[in-house]
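In: I would like the atomic coordinates for the input below:
(one chain, ligands or ions: 3)
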Amino acid sequence: MIELYRGLDRKDECILNAIFDNMWDFEYVPVHAIARECGISEEKIELALKKLGGMRITENKYTEYLGASFTFKGLSVFSLKRLVNKNAVSMLGNIMGEGKESVVYNAMSERYGEVVVKFHRVGYPSFKKVKEKRDYGSLHYTVLTVRSAKREYNALKKLYGYASVPQPVAWEGNAVVTRLIDAKELFRVKISNPGDVLDMILEEIKKMYARGIIHGDLSQFNILVNSDGVWIIDFPQSVDTKDPMAQEYLERDVKNVLDYFERTYRLKKDLKEVMKYIKDET
Ligand SMILES: Nc1ncnc2c1ncn2[C@@H]1O[C@H](COP(=O)(O)OP(=O)(O)OP(=O)(O)O)[C@@H](O)[C@H]1O
Ligand SMILES: [Mg+2]
Ligand SMILES: [Mg+2]
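Out: Ligands and ions are numbered 1, 2, ... in the order given. From the prediction side, this is the model:
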């Protein structure tokens, strides 16, 4: 990623900006639109796109004209460049994890210290199952991916200070930067006070609900714990409590957590009672 990043000159940067600005209107952004935005001739843009295509930063396609879109790598390099330009990230570290819908890196930020950069990749073609389930129309999947990152960042902004979530630092393109939390996923640890930890998690769900947000993908994989407490992470699927699917998602989130504690620690709580507690109906 770093080598790719260094291989980009000003012209390339302008081309990537132009693809980003126009990807909401074109599945493949035409050369003439890029040329206009960059003030560079179409011939030069075509040459540059050939290079970017060879680097797997863009995916180029000839129809009546040559058009270009981002690859996951390309969108990530573009987003990283913007994060560095605005001083949110100063150095990218190692990969912390790679899931079906994201790649997560350790990084350094001058302002915030150790941070985590999550590059979203919702619906990318190599992840066939995800693609089959969703209807993209003629939008390029990069649009979906950027939306997913934005949704996560917005949820974190709304929740931080009210519930225990990582501090959001910045968002650009498909990348969301948060402050690093020194804790492990719930499923990795054997906790000695499961009753207390379960209560803390339910309290967080309640606080998020009061703030108008339902996680939508809550489980032992998206809860971090250490001896200081619990944190809820991973918000791209979050919905507003006014969403028509809200109650269904909330119940599923709560059920995932209760089932995990019952299975792992033989702790049983009544789903209906817990739902009432969360919605403040007790
Ligand atoms: N702020 C953070 N502090 C510490 N660790 C983090 C932070 N954010 C993410 N992580 C780590 O990265 C992992 C993946 O992050 P996250 O859950 O947000 O992505 P992901 O969406 O699960 O990927 P996928 O759902 O595709 O598997 C987490 O399980 C956690 O270990
Ligand atoms: Mg996760
Ligand atoms: Mg996830």
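
In: what residues does the helix or strand that contains Val104 touch?
Out: Per DSSP states H and E: Val104 is located in strand 102-109. Applying CB atoms under 8 Å, 6 or more residues apart in numbering, the contact partners of strand 102-109 are 76, 88-98, 114-121, 169, 177, 180. All C-beta spots, glycine's among them, are computed from the backbone N, C-alpha and C.

In: Now find how far off-centre it is within its chain.
Out: A distance of 11 Å separates the centroid of the chain from that of strand 102-109, by CA atoms, centre = their mean, to the nearest Å.

In: Look up the pLDDT of Leu8 for me, please.
Out: pLDDT for Leu8: 87.

In: which residues in this structure form helices?
Out: 2-6, 10-22, 31-38, 42-54, 72-85, 128-133, 141-159, 194-210, 246-265, 271-278 (DSSP state H).

In: does the strand holding Val104 come close to ligand 1?
Out: Yes. Strand 102-109 reaches ligand 1 (CB under 6 Å from any ligand atom) through Ser102, Val104.

In: ok, now stretch 143-157?
Out: No. Stretch 143-157 lies apart from ligand 1 when judged by CB under 6 Å from any ligand atom; the minimum separation is 7.6 Å.

In: Run through the residues of the protein sitting next to ligand 1.
Out: Close to ligand 1, as judged by CB under 6 Å from any ligand atom, the chain has residues 96-97, 99-102, 104, 116, 118, 166, 178, 180-181, 185, 222, 233-234.

In: just to revisit the earlier point, of all the helices of the chain, which one comes closest to Gly216?
Out: helix 246-265 (4.7 Å; CB to CB).

In: what's the angle from the closest one to helix 271-278?
Out: If you take axes from the mean of the first three to the mean of the last three CA atoms, to 10 degrees, helix 246-265 sits at 120 degrees to helix 271-278.

In: Now find how far off-centre helix 246-265 is within its chain.
Out: Centroid displacement of helix 246-265 relative to its chain, using CA atoms, centre = their mean, is 22 Å.

In: taking the mean pLDDT, what do you get for that helix?
Out: 98.

In: same check, this time on stretch 104-114
Out: For stretch 104-114, mean pLDDT rounds to 95.
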